[in-house]
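Chemist: Okay, predicted coordinates and the sequence, questions at the end:
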Amino acid sequence: MDDEQLLTAAGQGDRKAFRVIYQRFASPLLGFVRRLAPSRSDHEEILQEIMLRLWTKASLFDPARGKARPWIYAVAGRSAMTWLADHGGKQVPVPVGDDPVLETVPASPDDHPEEVCLRREASRSINDALERIPEEMRLAVVLRHLQGLGIEEIAQVLDCPEGTVKSRIFNGLQRLRSVVGKEERHD
């Protein structure tokens, strides 16, 4: 079954279909959440809130109006933002030894330890820089470059025109370059 069929079935109360949705989307949505809230304990809570909301709202999905993936990310984005607002936008710094970004850095057994450290440091810098740009830009950049969604899908997720998405991505990348450039000059 494709995502649209699964989401429609879940909307009709099919738990097996929802279980497949969970299996397909839990990991990518967790990666998405990690870019919004740096505290590992918050990641799990937010992901559970997203999944609960997906289960309760699945009946609202209409495949005639769009694809499942952008709809799921739209629900995820709204759920995450609501959760953060309800919890005072709490963003607890992640200790270096407990950095969720490090878990996402692929390493091959053949990699030299220095290469692994450099990749991890680059990932940490990217996450730090992402936290310093406005939220609407950060969401567009994360959805495009870290989650791999297309412009049309992001427009559906963010409920804005495609031109606005392109502008947010462009401006967000410009801001990221500026933030990273400032950090490099201070090192």
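Modeler: Thanks, I have the structure now.
Chemist: ok now do the spatially most central residue of the chain, which residues does it touch?
Modeler: The centre of the chain sits closest to Phe32, judged by C-alpha atoms, centre = their mean, with a distance of 1.6 Å. By C-beta atoms under 8 Å, 6 or more residues apart in numbering, the contact set of Phe32 is Tyr73, Ala76, Gly77, Ala80, Val142, Leu143, Leu146, Gln147. Using the backbone N, CA and C atoms, a C-beta is placed for each residue, glycine as well.
Chemist: what's the answer for Ala17, then?
Modeler: Met1, Gln5, Leu6, Leu7, Ala9, Ala10.
Chemist: Quick one, which of these are buried?
Modeler: Neighbour counting over the contacts of Ala17 (16 or more other C-beta atoms under 10 Å) leaves Leu6, Leu7, Ala9, Ala10 as the buried ones.
Chemist: quick revisit: out of the contacts of Phe32, flag the one nearest to Tyr22.
Modeler: Nearest to Tyr22 out of those is Ala76 (C-beta to C-beta; 12.4 Å).
Chemist: Am I right that the closest one is in contact with Leu29?
Modeler: Yes: if you go by C-beta atoms under 8 Å, Ala76 and Leu29 touch, sitting 5.3 Å apart.
Chemist: overlap in contacts of these two?
Modeler: Common neighbours of Ala76 and Leu29 (criterion: C-beta under 8 Å, 6+ apart): Ile50.
Chemist: if we can go back for a sec, pLDDT-wise, what's the bottom of the contacts of Ala17?
Modeler: Taking the contacts of Ala17 together, the minimum pLDDT is found at Met1 (88).
Chemist: ok, that residue - contacts?
Modeler: By C-beta under 8 Å, 6+ apart, Met1 lies in contact with Ala9, Ala17, Val20.
Chemist: could you point out the longest helix in the chain?
Modeler: helix 162-186 (DSSP state H).
Chemist: how about that one: buried residues?
Modeler: Buried, per 16+ other C-beta under 10 Å, within helix 162-186: Val165, Arg168, Ile169, Asn171, Gly172, Leu173, Arg175, Leu176, Val179, Val180.
Chemist: Show the pLDDT at the closest residue to the second one other than its chain neighbours.
Modeler: Going back to what we said before, that points to Arg168. Nearest non-adjacent residue to Arg168, counting by C-beta to C-beta, 6 or more residues apart in numbering: Ala140, 3.8 Å away. Ala140 is assigned 90 on the pLDDT scale.
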